[in-house]
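Peer 1: Mind looking at a prediction? Sequence and model below.
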Amino acid sequence: MSRSVLVIGASSGIGRASALRFAADGDRLVLMARSGDVLDRVAEQCRSAGAAEARVVAGDTSVADDVQRAVDTAVTEYGGVDVAVHTATVMAYGTLEQLPADVFRTVVEVAVLGTFHAARAVLPVMRRQHHGSLIFINSLLGSVTVPNMGAYATAKWAQRAVIRTLQQETRDEPDIHIGMLSPGGINTPIYYQAANFMGRAARPPIPVLQPERVAASVHGMVERPRGNVSIPVGPANPIVIAGYRFLPALYDLMVGPLFKLAALTRSDQSPTEGNVHKPAPELDDLHGHWPGR
């Protein structure tokens with residue numbers, strides 16, 4: 001029997017890959033992101049990939065009413081929400097001294113309020129059903145900090161706190177599963193959609209995985225639920241986290257030079273707010289510019 005699947009952040013990257021992965025199972029989809037025109041194209045791709053149905057809701061995850069509209073669409077059209085995947089995020093590069101306050105605030109709000117709004121809208125439905133999987137995409141930077149990415153790290157550390165609290169607060173419903181995936185470098189457009197005040201263009205830190213790899217992990221969490229779990233995605237993640245926790249002085253010494261080597265390109269970058277405050281639909285895509293597809 002096909003599932004009712006809500007994907008928040010479905011226009012690009014991991015969100016689009018996740019939508020396509022569930023479409024291949026013949027599931028019924030509700031796709032949400034800020035770019036309605038892009039969502040229409042993604043919905044058509046999902047139907048071609050096998051989705052039984054695909055509806056779109058243009059909206060911002062940091063706006064509670066927008067998220068509620070997406071959940072209501074799934075309930076009205078499909079009778080409930082079996083799976084909800086929250087991938088929406090925005091990113092900013094620059095030291096905390098360089099970043100405009102409104103850019104910092106929006107990066108944090110999208111991650112934290114978006115997660116909060118998704119849970120507030122989805123969990124009452126799943127409690128009525130007494131089942132469901134609610135999966136959030138966090139980040140390696142939800143466990144470590146890196147120079148020039150303070151806004152994103154703040155957002156992801158706070159998002160992790162919200163998710164872990166949700167995992168604790170839903171223990172009374174054993175068939176509701178709250179999952180968290182924490183990828184490292186993924187080949188998506190977010191790196192050139194991001195706000196950037198460093199003067200240098202950014203890239204995903206090596207090693208770079210493809211968004212389909214994360215989508216497969218999302219799908220696996222739904223197919224083989226193991227309670228409330230938190231899973232890293234990326235071979236370097238455990239090493240980086242161990243260095244941050246157990247060798248902090250060495251980590252702080254090395255993280256700046258390694259960031260410049262692994263996460264910056266040689267191209268100059270003019271200051272930009274990127275897609276932080278408004279979408280950049282012309283840059284939305286499944287993959288970014290980096291090899292290894």
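Peer 2: Noted; the coordinates are in hand. The structure displayed is predicted, hence computed values, not measured ones.
Peer 1: three-state assignment of the closest residue in space to residue 111 that isn't next to it in sequence?
Peer 2: Excluding its sequence neighbours, the residue lying closest to residue 111 (Cβ to Cβ, 6 or more residues apart in numbering) is residue 155, at 3.7 Å. To be clear about C-beta, it is placed using only N, CA and C from the backbone, and glycine gets the same treatment. The assignment at residue 155 comes out as helix when based on DSSP: H, G, I helix; E, B strand; the rest coil.
Peer 1: quick one: contacts for residue 155?
Peer 2: For residue 155, the contact set (Cβ atoms under 8 Å, 6 or more residues apart in numbering) comprises 89, 107, 108, 110, 111, 112.
Peer 1: now swap in residue 115 and tell me
Peer 2: With Cβ under 8 Å, 6+ apart, residue 115 has these contacts: 86, 136, 159, 162, 163.
Peer 1: and with 6 Å instead?
Peer 2: Residue 115 makes contact with 136, 159, 162, according to Cβ atoms under 6 Å, 6 or more residues apart in numbering.
Peer 1: How confident was the prediction at it?
Peer 2: Confidence at residue 115, expressed as pLDDT, is 98.
Peer 1: center of this protein - which residue?
Peer 2: Geometric centre of the chain, nearest residue: residue 87, 2.7 Å, by Cα atoms, centre = their mean.
Peer 1: And that one, its phi and psi?
Peer 2: When read as degrees, to the nearest 10, the backbone of residue 87 gives phi -120, psi -10.
Peer 1: Relative to residue 2, how far out is it?
Peer 2: 21 Å (Cβ to Cβ, to the nearest Å).
Peer 1: One more: residue 247?
Peer 2: 48 Å.
Peer 1: Neighbour count: those two, which is higher?
Peer 2: Per other Cβ atoms under 10 Å, whichever of residue 247 and residue 2 has more neighbours is residue 2, with 16 against 12.
Peer 1: hang on, isn't that one packed against residue 26?
Peer 2: Yes. With contact defined as Cβ atoms under 6 Å, residue 2 reaches residue 26; the gap is 5.1 Å.
Peer 1: For residue 289, the count of nearby residues, please.
Peer 2: 13.
Peer 1: element containing the nearest residue to it once chain neighbours are set aside, please.
Peer 2: Distance criterion Cβ to Cβ, 6+ apart; nearest residue to residue 289, sequence neighbours excluded, is residue 192 at 7.3 Å. When elements are defined using DSSP states H and E, residue 192 is found to belong to helix 190-193.
Peer 1: helices or strands next to that helix in the packing?
Peer 2: Counting contacts by 3 or more Cβ pairs under 6 Å, 6 or more residues apart in numbering; DSSP states H and E, helix 190-193 packs against no other helix or strand.
Peer 1: surely residue 180 meets residue 163?
Peer 2: Yes. Contact status for residue 180 versus residue 163: in contact at 4.9 Å, counting by Cβ under 6 Å.
Peer 1: Report the set of residues contacting both of these two.
Peer 2: By Cβ under 6 Å, 6+ apart, residue 180 and residue 163 have these common neighbours: residue 136.
Peer 1: Can you find the helix or strand of the protein with the lowest average pLDDT?
Peer 2: Least confident element among the helices and strands of the chain, by mean pLDDT, DSSP states H and E: strand 229-233 (a mean of 84).
Peer 1: mean confidence for whichever helix or strand comes after that one?
Peer 2: Next helix or strand after strand 229-233 toward the C-terminus (DSSP H and E): helix 237-246. Average pLDDT, helix 237-246: 95.
Peer 1: now do stretch 139-151
Peer 2: In this model, stretch 139-151 has a mean pLDDT of 97.
Peer 1: Could you do stretch 175-190 as well?
Peer 2: The model assigns stretch 175-190 a mean pLDDT of 97.
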